[in-house]
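Student: sequence and computational prediction follow.
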Amino acid sequence: MSELVRTFIAVEVKNQEVLKKLIEARNALVATSAGLKPVEDENIHLTLRFIGEIPQVLVRELCNQISRLEYRKFDMHVKGIGAFPSPLRPRVIWAGVEEGSEDLKKLHDMIESIVARLGIPREKEEFVPHITLARVKDQRGIDKLVKLIAEMSGLDFGYTPVDEVYVKKSVLTPRGPIYSNLCSKKLS
């Protein structure tokens, strides 16, 4: 029996200034003392496609297919703080993407085709480019949190290059997930 690997495909925030501002925003959200599970500094990224647990042999085939991905590099403009399902009922708090979101959607669609060819069911929900900063665990301090999300809705984090796509492994631990790169593909 092959070991299952919890897998996802992502782009990283390569501009350190943008990353620093995202961490500051996340820290401000945490400072509300709301019931949050913040994303660790080193785990901040944009998920193009969460795949889940797949056999090692499928991971190899996925890496093989991703290595053939042809797309040009571009910049993404990280701007605004929002929440799913809505800023008034936050479950997931995220930073949004303005410029570059169409490119991210095209990249997602290409990856969705690759994943479907490997026999992995398509995602049911529409892809919305975002960078998760924290998850709401309980309703503690929710009013303060909702107010801060509204205040931060126009925050401009700046531009970061999207020049590489990563296939990542996620190992769940009691202290939070540990991510590592399985393979990557540079964009031209």
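Tutor: Perfect, thanks for sending it.

Student: can you give me the helices for this structure?
Tutor: Using DSSP state H, the helices of the chain run over residues 16-30, 56-66, 101-117, 142-151.

Student: looking at the ones you listed, which is nearest to Phe74?
Tutor: Distance to Phe74, taken as C-beta to C-beta, is lowest for helix 101-117 among these, at 4.6 Å. Any C-beta I mention is one placed from the backbone N, CA and C, and that applies to glycine too.

Student: quick one: that closest one to helix 56-66, angle?
Tutor: 140 degrees (axes from the mean of the first three to the mean of the last three C-alpha atoms, to 10 degrees).

Student: which parts of this structure are strands?
Tutor: Assigned by DSSP state E, the strands in the chain fall at 4-12, 36-38, 45-55, 74-86, 89-97, 130-136, 156-162, 164-171, 178-186.

Student: ok, which of those comes nearest Val146?
Tutor: Distance to Val146, taken as C-beta to C-beta, is lowest for strand 89-97 among the strands of the chain, at 6.7 Å.

Student: burial count for Gly80?
Tutor: 18 (other C-beta atoms under 10 Å).

Student: Glu42 too?
Tutor: Neighbours of Glu42 under the rule other C-beta under 10 Å: 9.

Student: state the pLDDT value of it.
Tutor: Note for Glu42: predicted pLDDT of 96.

Student: right, so of the helices of the chain, which gets closest to Pro177?
Tutor: Evaluated over the helices of the chain, closeness to Pro177 peaks at helix 16-30, with 15.6 Å, by C-beta to C-beta.

Student: one step back: okay if I get the strands of the chain as CSV plus distance to Val146 and mean pLDDT?
Tutor: Formatted as CSV, the strands of the chain follow (distance: least, C-beta to C-beta, whole Å; pLDDT from 0 to 100):
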stretch, distance to Val146, mean pLDDT
strand 4-12, 28, 98
strand 36-38, 13, 97
strand 45-55, 24, 97
strand 74-86, 8, 98
strand 89-97, 7, 97
strand 130-136, 10, 98
strand 156-162, 21, 98
strand 164-171, 29, 98
strand 178-186, 29, 98
